[in-house]
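**Student:** Give me a model of this one.
(one chain, ligands or ions: 1)
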Amino acid sequence: MAPSIEDGSLRILRYEKVPSTMDVAEELAEKGEPEWTVVVAEEQTMGRGRHGRRWESPRGGLWLSVILRPPLHVLPILSITAALALCDALSLLYDIDARLKWPNDVLISGYKVAGILVKGVSGAYSIVGVGVNVNNDPPRGIKATSLKAVVGRELDLDELLKTYLEAFKHRYEQAIDNPEKLLKDYKEKLDTIGKRVRALLVTGDVIKGIAVDVTEAGALVIYTDGKLVEVIAGEVEYLR
Ligand code: BT5
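**Tutor:** Residues are numbered from 1 along each chain as shown. Predicted coordinates for the structure are as follows:
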């Protein structure tokens, strides 16, 4: 492990190469490390997405996990809080208008630039994993991009890390104190509402309909067969 940097109330632990920052952060959380302990790796050999999917994490990207101990009402909106904060940071630093695809894919012009993974949404702590394609090439064969490709130059990873963590802290406080405003801002960034979608639920069921809203608990509301259905967790695909 590289030395830690105490930065205000943030503690950033830097690693060169780990299987996944999620596991490192979890181990530290189990040992009682405080909130806003942040694990950053230059490279992950076993980076993962949701439902055990693989997350390509070569050098040049920003791969991090944050330890948090959120109050109960924040748990369901934690991942959208992290995603919205990334939109804030991208807008502030590079004037990029990133959009969100429910629940928390971060897209630029329809191409995925970042993903969020939250683990341990109940219990003593949560780990929020954030992966951003920055100076690395995005994986081939999927609709993905990198900030370097969008901005047209190599970017300063540290600057992005600091700006992102500040934005995340700010949005996290908002999620605690004013979740209604957070949700309102989230919906403004969401490009899923109004679209015809096919939702694959964690149960394996499929729902086709029109995405009409997001609830206080972050669930997607789909209008289908004359009724409204709330999807708490699942995948969404846009239909034409
Ligand atoms: C996500 O999963 O989007 C959450 C990704 C979270 C990654 C961070 S990095 C730091 C921390 N440590 C970890 O091990 N993970 C977290 P999901 O929505 O399931 O998307 C996964 C899918 O995205 C894959 O099946 C690929 O299709 C695609 N994908 C893989 N690597 C990608 C990349 N680098 N950029 C864009 N898309 C990618």
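**Student:** chain center to stretch 220-238, what's the gap?
**Tutor:** Computed by C-alpha atoms, centre = their mean, to the nearest Å, the chain-centroid distance of stretch 220-238 equals 21 Å.
**Student:** is it up against the ligand anywhere?
**Tutor:** No. Using C-beta under 6 Å from any ligand atom, stretch 220-238 never reaches the ligand; the gap is at least 7.6 Å. In this view, the C-beta of every residue, glycine as well, is placed from N, C-alpha and C.
**Student:** List the contacts of that stretch.
**Tutor:** 76, 101-103, 192, 195-202, 207-215, 217-219 (C-beta atoms under 8 Å, 6 or more residues apart in numbering).
**Student:** The same query, at a cut-off of 6 Å, please.
**Tutor:** Residues outside stretch 220-238 that contact it (C-beta atoms under 6 Å, 6 or more residues apart in numbering) are 102, 195, 197-202, 207, 209-214, 219.
**Student:** cool, stretch 133-153 as well?
**Tutor:** By C-beta under 6 Å, 6+ apart, stretch 133-153 touches 56, 58, 60-62, 94, 108, 111-113, 154-155, 157.
**Student:** List only buried entries from the contacts of stretch 220-238.
**Tutor:** Buried by 16 or more other C-beta atoms under 10 Å: 102, 195, 197, 199, 207, 209, 211, 214, 219, out of the contacts of stretch 220-238.
**Student:** need the contact list for V214.
**Tutor:** 187, 220.
**Student:** Pop the domain breakdown of this structure in here.
**Tutor:** What automatic domain parsing lists as the domains of the chain is 4-189, 196-238.
**Student:** what's the most buried one of those domains?
**Tutor:** When the domains of the chain are scored by mean count of other C-beta atoms under 10 Å, the highest mean neighbour count falls to domain 4-189 (a mean of 18).
**Student:** ranges for the helices of the protein?
**Tutor:** Secondary structure of the chain (DSSP state H): helices located at 21-30, 78-94, 147-151, 157-177, 179-189.
**Student:** closest to the ligand out of these?
**Tutor:** The ligand sits nearest to helix 21-30 of all those, at 4.4 Å, using C-beta to the nearest ligand atom.
**Student:** Report the closest residue of this protein relative to the ligand.
**Tutor:** With C-beta to the nearest ligand atom as the measure, G115 is the residue of the chain nearest to the ligand, at 1.9 Å.
**Student:** For the closest residue to that residue other than its chain neighbours, give me its contacts.
**Tutor:** Among residues not flanking G115 along the chain, G131 sits closest, at 5.3 Å (C-beta to C-beta, 6 or more residues apart in numbering). The neighbourhood of G131, defined by C-beta under 6 Å, 6+ apart, consists of 55, 63, 115.
**Student:** dump the residue contacts of Q174.
**Tutor:** By C-beta under 6 Å, 6+ apart, Q174 lies in contact with L182.
**Student:** The same query, at a cut-off of 8 Å, please.
**Tutor:** Shown in contact with Q174 (C-beta under 8 Å, 6+ apart): 81, 181-182.
**Student:** Do you know the pLDDT at E235?
**Tutor:** What the model reports as pLDDT for E235 is 87.
**Student:** which residues does it form a beta bridge with?
**Tutor:** Beta bridges link E235 to L200 when assigned by DSSP bridges.
**Student:** Now do it against T224, distance only.
**Tutor:** 16 Å (C-beta to C-beta, to the nearest Å).
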